[in-house]
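S.K.: what would the 3D arrangement of this be:
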Amino acid sequence: MPNPGWWGALWPDPDKVVKDVGVRPGMTVVDLCSGDGWFTVQLAKIASTVIAIDIDEKLIKTSQVRLAEAGLTNCRFVVSDAYQIARATREPIDHVFLANVFHGVPDRPRLARAARDVLRPNGLFAVVNWYARPREQTTVLGEARGPPTEMRMTPQQTRSDVEAGGLTFAYQVEVSPYHYGAVFKRDDQGQS
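M.R.: Below you'll find the model as predicted:
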């Protein structure tokens with residue numbers, strides 16, 4: 001996990017990122033694979049309830065400290081495998097937010113299905129992902145950053161994998177010079 005200085009350089013305006021991918025006041029949001037809470041803080045400033053899920057207990061504890069320091073109390077923290085999102089939620093979710101990890105998910109359609117299953121009708125699933133550019137072209141603080149070049153995904157690859165999980169593409173936004181946000185919705189029309 002990168003240090004906070006690196007996160008700040010890469011994501012100087014995390015509030016804009018989460019708003020651009022559809023997070024709105026009053027929503028119940030899952031920060032899936034929340035890591036150390038960089039985006040969790042911003043989500044908790046906007047949403048009414050946030051559920052931060054990560055498999056790494058140490059990162060969850062770092063996130064808890066970060067939110068406590070910000071005076072935010074509307075977040076529940078769950079140590080869990082991302083595929084088990086339904087075990088961490090108590091009610092239908094308005095938005096599932098996933099940043100910087102989709103490229104490394106072994107079964108991406110399965111993860112999209114897991115997100116779909118907890119979303120309320122017309123709920124959103126946002127995937128913030130690195131553009132498929134050579135790693136040498138994504139420098140932050142003078143160093144090449146991000147996943148290996150061969151793991152990076154085009155927006156179309158992301159779209160294909162998420163749609164295979166039963167979600168409908170809604171829109172795409174550029175959220176940083178190196179990332180896109182692909183937003184999908186649970187569209188139950190025509191579903192059996």
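S.K.: chain center to the lengthiest helix in the chain, what's the gap?
M.R.: As assigned by DSSP state H, the longest helix anywhere in the chain is helix 57-69. Chain-centre distance of helix 57-69: 17 Å, with CA atoms, centre = their mean, to the nearest Å.
S.K.: what comes up buried for that helix?
M.R.: Using 16 or more other CB atoms under 10 Å as the test for burial, helix 57-69 gives 59, 60, 62, 63, 66, 67. For the C-beta atoms, the positions are set from N, CA and C on the backbone; glycine is no exception.
S.K.: quick check: which element contains residue 124?
M.R.: According to DSSP states H and E, residue 124 maps onto strand 119-130.
S.K.: can you list the strands that the helix or strand just after that strand pairs with?
M.R.: Following strand 119-130 in sequence order, the next helix or strand is strand 139-140 (DSSP H and E). Strand pairing for strand 139-140, using DSSP bridges, gives strand 143-144 (antiparallel).
S.K.: wait, doesn't residue 114 sit right on residue 81?
M.R.: No: between residue 114 and residue 81 there is no contact under CB atoms under 8 Å: 9.5 Å.
S.K.: more neighbours, those two?
M.R.: residue 114 (20 against 13; other CB atoms under 10 Å).
S.K.: which ones are touching the more buried one?
M.R.: Neighbouring residues of residue 114 by CB atoms under 8 Å, 6 or more residues apart in numbering: 82, 83, 84, 85, 86, 165.
S.K.: can you pull the buried residues of the helix or strand that residue 115 is a member of?
M.R.: Using DSSP H and E, residue 115 sits within helix 108-118. Residues of helix 108-118 classed as buried: 108, 109, 111, 112, 113, 114, 115, 116, 118 (neighbour count, 16+ other CB under 10 Å).
S.K.: how about the fourth one: what's its closest non-neighbour residue?
M.R.: To tie it back to what came earlier, the one meant is residue 112. Excluding the flanking residues, the one nearest residue 112 by CB to CB, 6 or more residues apart in numbering is residue 165, at 2.5 Å.
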